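K.L.:
Prediction below, plus the sequence it came from.
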Amino acid sequence: METRKTLVVGMAGGSASGKTTFTKLLVESFAGSELNVELFNIDKYFYRGKEGGPTFISPSTGEVMPHNNHPNSADNARLVADMDTRCGEADAPDVLIVEGLMTLYVDDIRSRLDLRLFMELDADVRAVRRMWRDMSGVRGNTDPKFIGTYYLECARIGHALYVEPSRVHADLILRGDADFQNSVPLIMAVIRERFAQKREG
């Protein structure tokens, strides 16, 4: 029996750029269609202060903090192994979407992608969105001073060093402030075309 060929799509972009919202809508839009689509969120592989993850010393407090904006902030080896396993299974999805900050930066992830997407958004808008998101409690600490300090000392620097440069690897660059109801169907069409090409190849 012919092995199923999974199309692997990567979505990268800055923190609070809209990449998670976009990929979720993309997966939902494929529901019930001819393609079976699954999502791997790199955030689920984050160390977040656990042993093995990178750290930095806060210039303002002197505290050792988890570095969640570094290429090694996630267990990339486990992620890649899970990707390979899932794509090789008998019930492998037609499309696997991998979403996260460093999706296009980490070579072991990037080399497995058939389609590379990058979500861009102005830094000030991302900073405000990040503040609103984190103050809602979804990331733990809701103190605005802590959130702002962490952004300035870690997230902004990590974005400049790793995330932003990785956009050069993107096949398509999307805007995080665009109307996703318009852009999602366009990306769906690209995915369908790439999937058909992969199956023919």
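P.N.:
Structure received.

K.L.:
how many neighbours does residue 155 have?
P.N.:
22 (other Cβ atoms under 10 Å). For glycine as for every other residue, the C-beta is placed from the backbone atoms N, C-alpha and C.

K.L.:
and the closest residue to it other than its chain neighbours, how many neighbours?
P.N.:
Leaving aside its sequence neighbours, residue 155 sits nearest to residue 69 (Cβ to Cβ, 6 or more residues apart in numbering; 5.0 Å). Residues within reach of residue 69, counting by other Cβ under 10 Å, total 25.

K.L.:
in this protein, which spans are helices?
P.N.:
All helices of the chain, identified by DSSP state H, fall at 19-30, 76-88, 107-110, 123-135, 144-150, 156-158, 180-200.

K.L.:
Tell me where the model's unsure across this structure.
P.N.:
The model of the chain has pLDDT under 70 over residues 1-4.

K.L.:
Pick out the residue closest to the middle of it.
P.N.:
Centroid-nearest residue in the chain: residue 100, 1.6 Å away (criterion: Cα atoms, centre = their mean).

K.L.:
Relative to residue 83, how far out is that residue?
P.N.:
In this view, residue 100 and residue 83 are 12 Å apart by Cβ to Cβ, to the nearest Å.

K.L.:
give me every residue that touches the nearest residue to residue 134 once chain neighbours are set aside.
P.N.:
Leaving aside its sequence neighbours, residue 134 sits nearest to residue 147 (Cβ to Cβ, 6+ apart; 4.6 Å). Residues in contact with residue 147 (Cβ atoms under 8 Å, 6 or more residues apart in numbering) are 130-131, 134-135, 141.
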